[in-house]
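Enquirer: I would like to see how this sequence folds:
(2 chains)
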Amino acid sequence: KAGVTQTPRYLIKTRGQQVTLSCSPISGHRSVSWYQQTPGQGLQFLFEYFSETQRNKGNFPGRFSGRQFSNSRSEMNVSTLELGDSALYLCASKGAQSANSPLHFGNGTRLTVT
Amino acid sequence: DQQVKQNSPSLSVQEGRISILNCDYTNSMFDYFLWYKKYPAEGPTFLISISSIKDKNEDGRFTVFLNKSAKHLSLHIVPSQPGDSAVYFCAASGIGNEKLTFGTGTRLTIIP
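Expert: As a prediction, this is how the structure comes out:
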């Protein structure tokens, strides 16, 4: 079974631009979550989608948004990029079989804002 | 407000010995706890989990202990191997809540 796939692996953007990151979950997984990892803050929860609906949202500004498609693939968008948005963005998926089941992460997209 | 804390940023252990990684939490609503391992340039890999109805869960060389009264969990790796060198994150979630709250990680180095 293929794992969680994130594209692209690396991105360099300029302040003020916007960026879209893509995530394909494990086949059959309907829940997709996004996390931001920075050296100082660790992994911070951005949002979670299930069946095309956002179920949970973290404490990030409105510049961070996402969506999920009918095939469970998800995209995350960051508008008006700031230097502090430089981070590793991780997508994770989860099967819906059990409330207590682990998230499975992709290898992330490394975003650098200059 | 750091609800999940890993107070040791780094830990070095001799190969073959036991590695013990610790994690404390403050939110009494957490009921599911996980450990992840992360190599550079890769996403976190799930290792082992435990629900609040248990106090111990074992999987091969990995054992997680949960002390609910102390709001403390630990991961034991026995015996430690060089491939275990990585950053380890503990994480927690609440009932019916898909959001994971992560600690800041402990870098484990296994010395051959």
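Enquirer: Would you tell me which residues of chain A are close to chain B?
Expert: A:4, A:6, A:31, A:33, A:35, A:41-45, A:48, A:50, A:55-56, A:58, A:90, A:92, A:94, A:99-100, A:102-108 (CB under 8 Å from any CB of the partner chain). Backbone N, C-alpha and C define where each C-beta goes, glycine included.
Enquirer: and those residues, which are buried?
Expert: A:4, A:6, A:31, A:33, A:35, A:42-45, A:48, A:50, A:58, A:90, A:92, A:94, A:102-108 (16 or more other CB atoms under 10 Å in any protein chain shown).
Enquirer: and the residue nearest to B:S8 when sequence neighbours are not counted, bridged to which residues?
Expert: Distance criterion CB to CB, 6 or more residues apart in numbering or on different chains; nearest residue to B:S8, sequence neighbours excluded, is B:T106 at 5.2 Å. Beta bridges link B:T106 to B:Y88 when assigned by DSSP bridges.
Enquirer: Kindly provide the distance from A:G106 to A:Y89.
Expert: Here A:G106 is placed at a distance of 9 Å from A:Y89 (CB to CB, to the nearest Å).
Enquirer: which neighbours do the two share?
Expert: A:Q6 (CB atoms under 8 Å, 6 or more residues apart in numbering or on different chains).
Enquirer: Contact partners for the residue of chain B found nearest chain A?
Expert: Residue of chain B nearest chain A, by CB to the nearest CB: B:G43 (3.5 Å). By CB under 8 Å, 6+ apart, the contact set of B:G43 is A:4, A:6, A:90, A:92, A:105-108.
Enquirer: Which pair of those spans the longest distance?
Expert: The span of those, defined through CB to CB, is set by A:A92 and A:N107 at 11.2 Å.
Enquirer: A:L83: how many residues sit nearby?
Expert: A:L83 has 9 neighbours, counted by other CB atoms under 10 Å in any protein chain shown.
Enquirer: Report the contact partners of it.
Expert: A:15, A:113-114 are the contacts of A:L83 under CB under 8 Å, 6+ apart.
Enquirer: Could you identify the buried members of those?
Expert: For these, buried by 16+ other CB under 10 Å: A:V113.
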